[in-house]
Each structure stands twice: as structure tokens, then as C-alpha cells.
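Asks: A structural model of the following input is requested.
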Amino acid sequence: MRYVWINDRMLVSSFKPTRDMELAQAVFHKKEAQAQEGSSAAAEYRAAANAERAKTERLKALRLAKEAAEREAAVNAPSTAAKPKTATKKKR
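Replies: Residues are numbered from 1 along each chain as shown. Next up, the predicted model:
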């Protein structure tokens, strides 16, 4: 029989052998560590996704500004459409 303190007040007896209790405790700690690692991995994933979104927004803004400048330059540029040349005959 094993005695365990719960909440520093209640004494409970357990009929589980010490080895089983230690094994259960090891499994519990392993699962607790995995949960902690999972939450930190999720936080890293969210941070990377946010950084990628910010980079995409910045690049899109730059692209749109460049396209707008090119359109404005095309509108303000003097017309360079070539007039059709009339055919001239060569003298022999």
C-alpha cells in the first residue's frame, strides 16, 4: 500500500505498486512536455505566417506603386507614334 498526499491535506492510500505509479508519472510528464513543445511550435508557425503576410503586403504595395507610376508616365509622355512615311522613289 502506498500513501499519497493530495492538496497537502488529504491522505489517500493507493494499492498500485510503486513501479506502476512511477511509470504513470513518467507518461504524464512526457505528455506534458509534448504539449508544451506543441504550443511553442504553433507559436513559431503563427509568427512565420505573420511575417510572410507582412512581407507579401509590402511587396504588393511596392508593385502597385510601380505600376501606377508607369501608367502615369505613359499618360504624361509625349506621343511618340511614328507617322507613316510616304514611299519615295529612288532616282536612278
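
Asks: and R46, how far is that from T18?
Replies: 42 Å (C-beta to C-beta, to the nearest Å). All C-beta spots, glycine's among them, are computed from the backbone N, C-alpha and C.

Asks: hmm, I was thinking of A26
Replies: Taking C-beta to C-beta as the measure, A26 falls 12 Å from T18.

Asks: next one: stretch 24-32 to chain centre, how far?
Replies: 30 Å (C-alpha atoms, centre = their mean, to the nearest Å).

Asks: now do stretch 33-40
Replies: That offset, for stretch 33-40, works out to 18 Å (C-alpha atoms, centre = their mean).

Asks: number the residues from 695 up from this point.
Replies: With 695 as the first residue, the last one maps to stretch 727-734.

Asks: buried sites along that stretch?
Replies: For stretch 727-734, the neighbour count (16 or more other C-beta atoms under 10 Å) marks no residue as buried.

Asks: how about stretch 760-777?
Replies: In stretch 760-777, no residue is buried by neighbour count (16+ other C-beta under 10 Å).

Asks: what about it, average pLDDT?
Replies: Stretch 760-777 carries an average pLDDT of 82.

Asks: so K785: helix, strand or coil?
Replies: Three-state assignment for K785 (DSSP: H, G, I helix; E, B strand; the rest coil): coil.

Asks: burial check on it, number of neighbours?
Replies: Close neighbours of K785, defined as other C-beta atoms under 10 Å, add up to 4.

Asks: which residues of this structure fall in helices?
Replies: Here the chain has its helices, by DSSP state H, at 712-770.

Asks: okay, now the unreliable bits of it?
Replies: Residues of the chain meeting the criterion pLDDT under 70: 695-710, 773-781, 786.

Asks: quick check, central residue of it?
Replies: Nearest to the geometric centre of the chain sits A743, at 1.2 Å (C-alpha atoms, centre = their mean).
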